[in-house]
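# quick one, what's the 3D model for this:
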Amino acid sequence: MMAMLRVLAGIAFAHLWVRARATFVATLGVAIGVGFFLAVSGMMVGSQKDFIRTLIDTAPHIIVRDERRAPTRQPALTAFAGDAVRIEGLRPQEEVRGLKDWPAMLADVRAQPGAQVAPSLSGAVTIGYAGRTAAVALNGVDPRLEGRLTKIDETLIGGRLSDLEARPDGLIISRPMADRLGARLGDTLVVTASTGALQRMRILALIEPEGRAGFYAGDAVAYGLLRTAQVLFTRPNVVNQLHVRLTDPDDARLMAEVLEARWGYKWESWQERSADILNLLVVRNVIMYAVILAILIVASFGIYTAVSNSVADKRRDIAILRAMGFSAFDVQAIFLIEGVAIAILGAVMGFAIGTGLLEILARLPLSIGGKPLVLPLDRGLGQYLIAGGASMTAALLAAWLPARKVARVDPVSVLRGAA
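Residues are numbered from 1 along each chain as shown. Purely as a prediction, here's the structure:
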């Protein structure tokens, strides 16, 4: 068996050597297709991974809010359930907002392996300075705990989140918001809550929208001390959010479902919050791979042309081989080996071209807003395997189509015609 395979391979390589120019053109087509496949997919997949990594790092993996997925059923409707009663003008029972038993919920989350959790109280406030006002969402946080969950410190100018512990009247706002108000670091703002409570708070740090970590919640978000927010909103010992971070972000969806079933509140994983974005990424991947695979299919036409011409030119040789006892399958295998050899050589050359293109892209001197930009590129083994597998599949199909004509070659009529 191995001896026969060596004979068939020798004949196939002899055909390729005789038609060296056509072989080179076909190989170059595969190489260019594989190279651009790696370059384009490296950019697209790299940007996607970087985006998802930023999405995961910039916000808690799970956020618990003082709300439920389904509204609470009113007592009157429950009392007359199933009766022939129509209730009109019902005044709904008001619910006290805030997470009930939140210390127990904290303990439950901390009992999960690798989980970290921080309480928060959020609410709408109005900040004013020098006659200018703006509405923002104030997040009262515990700096020691919140700092472990997000990378906000890497985007702060002039201070750190932990500075809030020493200054209960401290406030952290975005730099664009401070610019609109005309305020700077150290200035004192007038903060007014929806309850009418008023407090003067000093700017301890500014959030830079273009920080290194990509963390940015928006211009209309501010951070203060949890105790200060509870006083400002007149809600002592109350929190309305829990922020959870896990060792493995992929576990967020399952853990959120388990804890939601246990506590009843809405536990929202980062996958659920970003479902629309993740769906768009899937669509983008489908389009990307469809376009890139089309490039490889076009490149495989070079293999089809090379093998097809080889079959046409070697009809007499095929007839002689059949007359010598080679089966139709053996002769087909010769031309399939030709296609596979071109594909393998083209893929190896394509890997070198793709690696070079990725290196060039990584060194491009790009900038946005005057700041240097490094393209996120994916150079993982997976992309090389996909490119090699796709090129090999396309090559086998391109070589098989003309090779199957071998079975229809009648050696007697060919040799008689040649005579």
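
# for the closest residue in space to Leu99 that isn't next to it in sequence, give me phi and psi.
Distances taken as C-beta to C-beta, 6 or more residues apart in numbering place Asp66 nearest to Leu99, at 5.0 Å, with adjacent residues excluded. In short, each C-beta sits where N, CA and C put it, glycine included. Dihedral angles of Asp66 (phi, psi; degrees, to the nearest 10) stand at phi -80, psi 60.

# one more: Ser194?
Per-residue torsions, Ser194: phi -70, psi -20 (degrees, to the nearest 10).

# can you give me the neighbour number for it?
11 (other C-beta atoms under 10 Å).

# picking up where we left off before, the residue nearest to Leu99: what's it in contact with?
Residues near Asp66 by C-beta atoms under 8 Å, 6 or more residues apart in numbering: 97-99, 240-241, 265.

# what's the answer for Ala104, then?
Ala104 touches nothing, counting by C-beta under 8 Å, 6+ apart.

# got the domain ranges for this protein?
When the chain is parsed with automatic domain parsing, its domains come out as 2-56+277-418, 96-268.

# gap between the last one and the chain center?
Its chain's C-alpha centre lies 26 Å from the corresponding centre of domain 96-268 when counted by C-alpha atoms, centre = their mean, to the nearest Å.

# please apply the same query to the first one.
Here the centre of domain 2-56+277-418 is set off from its chain's centre by 28 Å, with C-alpha atoms, centre = their mean.

# report the rounded mean pLDDT for it.
The average pLDDT within domain 2-56+277-418 is 78.

# now do the same for Gly98: helix, strand or coil?
Under DSSP: H, G, I helix; E, B strand; the rest coil, Gly98 falls in the coil class.

# apart from its neighbours in sequence, what residue is nearest it?
Counting by C-beta to C-beta, 6+ apart, the residue nearest Gly98 is Val238, at 4.2 Å.

# so for the one you found, what's the pLDDT?
Looking at Val238, its pLDDT stands at 90.

# for the helix or strand Gly46 falls within, packing partners?
Gly46 is part of helix 20-57, with elements assigned from DSSP states H and E. In this structure, helix 20-57 packs against helix 275-313, helix 328-362, helix 381-403, with contacts taken as 3 or more C-beta pairs under 8 Å, 6 or more residues apart in numbering; DSSP states H and E.

# nearest to Gly159, of those?
The minimum distance between Gly159 and the helices and strands packed on helix 20-57 falls on helix 275-313, with 31.3 Å, by C-beta to C-beta.

# run the angle between that closest one and helix 381-403 for me.
40 degrees (axes from the mean of the first three to the mean of the last three C-alpha atoms, to 10 degrees).
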